[in-house]
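S.K.: I'll drop the sequence and a predicted model, then ask my questions.
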Amino acid sequence: MARISKQEIQAMGEQVYQAEKSRSTIAPFTDFHPNLTLAEAYQIQLAYVERKLADGAKVVGKKIGLTSRAIQQQLGIDQPDYGHLFDTMLVPEGMPLRNSELIQARIEVEVAFVLGRDLRGPGVDVTQALAATRFVLPAFEVIDSRIENWRIKLQDTVADNGSSARYVLGGRPTAVENLDLRLVGMILERNGTVVATGLGAASLGHPAHAVAWLANALAAADVPLKAGEVILSGALSAAVKIEPGDLFHATIGGLGCVSTRVV
């Protein structure tokens, strides 16, 4: 069976870009290309990234998704996925999160790693990932899907840049020495009511394991994680739908708090 052409890859990347820009949705790519491979999905993601770069956006990091074993089993996969973070995605803490700029957004609490030096696979382990970390922060990732009704398979979310949309960094920079990120507890409140709890171990058993996985996954393309990049290491609980008027406040033990208001 003939594989998807480079022109089709570029066209699908453009579809993702235009859907994001117009805040509209598209049908899952796997509806029309049921044999779409993971490698092809990442090529679509890169075509989208190139379109964003041409628009003036800058890549400032990566996000890791599908780090929960339960979600992996549900989707019948055995690995996470990743997407690119752009400078245009950052919502500074204290500034409003504008729902009108999004489509069908949900929010997750994650540990954000800020790298102090490059991290290049293969063979990266948790110890090396922690050694390359300058500090960690509590963070929100706002996920959003340009695929209609979140009707996604793994290849669809990969092509859609890992369903990424916005992120918020909070707390104070915290060194990872003497901090067991497997055991840090998380509480997420919406409008003063607890709506989710979790542990660091929810992300591949250890958030730094997720960072190591990413460094190793990128090694095939000879792409390192770079000093200064922000790496969102995966959700510590299920995602929560957002609505205008919501105030979200999350606390991660040992890392501090992060808040955002939806308008």
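M.R.: Cool, got the structure.
S.K.: Ala132 - nearest residue in space that isn't next to it in sequence?
M.R.: In space, and not counting its chain neighbours, Ala132 is closest to Leu119: 4.3 Å by Cβ to Cβ, 6 or more residues apart in numbering. From N, CA and C alone the C-beta is placed, and that goes for glycine too.
S.K.: ok, the one you found touching Trp213?
M.R.: No: using Cβ atoms under 8 Å, Leu119 is not in contact with Trp213, being 11.4 Å away.
S.K.: Just give me the neighbour total for the residue nearest to Val262 when sequence neighbours are not counted.
M.R.: In this structure, Val262 finds its nearest non-sequential neighbour in Asp246, 4.3 Å apart by Cβ to Cβ, 6+ apart. Number of residues near Asp246 (other Cβ atoms under 10 Å) recorded here: 18.
S.K.: Likewise for the one 4 residues further on?
M.R.: Here the count is done by other Cβ under 10 Å, and Ala250 has 29 residues near it.
S.K.: can you check the one 4 residues further on too?
M.R.: Burial of Gly254, expressed as a neighbour count using other Cβ under 10 Å, amounts to 18.
S.K.: Next one: it relative to Gly228, how far apart?
M.R.: For Gly254, the distance to Gly228 (Cβ to Cβ, to the nearest Å) stands at 23 Å.
S.K.: pretty sure Val194 is in a strand, no?
M.R.: Yes: using DSSP: H, G, I helix; E, B strand; the rest coil, the assignment for Val194 is a strand.
S.K.: surely it meets Leu188?
M.R.: Yes: taking contacts as Cβ under 8 Å, Val194 lies within contact range of Leu188: 7.1 Å.
S.K.: Compare those two (neighbour count), which wins?
M.R.: Applying other Cβ under 10 Å to Val194 and Leu188 shows that Leu188 carries more neighbours, namely 24 against 10.
S.K.: how much space between the more buried one and Phe248?
M.R.: 7 Å.
S.K.: any shared contact partners between those two?
M.R.: Val240 (Cβ atoms under 8 Å, 6 or more residues apart in numbering).
S.K.: re earlier: ok, now which ones touch the residue nearest to Ala132?
M.R.: Here Leu119 is in contact with 128-129, 132, 211, 215, 224-225 (Cβ under 8 Å, 6+ apart).
S.K.: Could you do Ala47 as well?
M.R.: Contacts of Ala47 by Cβ under 8 Å, 6+ apart are 9-10, 12-14.
S.K.: how about a cut-off of 7 Å?
M.R.: 9-10, 12-13 (Cβ atoms under 7 Å, 6 or more residues apart in numbering).
S.K.: and the residue nearest the centre of the chain, what are its bridge partners?
M.R.: Centroid-nearest residue in the chain, with Cα atoms, centre = their mean: Lys63, separated by 3.2 Å. Beta-bridge partners for Lys63, by DSSP bridges, are Gly83, Leu232.
S.K.: Hmm, it is touching Glu141, no?
M.R.: Yes: counting by Cβ atoms under 7 Å, Glu141 is a contact partner of Lys63 at 6.1 Å.
S.K.: Between the two, which contacts overlap?
M.R.: By Cβ under 7 Å, 6+ apart, the residues touching both Lys63 and Glu141 are Leu232.
S.K.: With that, I have no additional questions.
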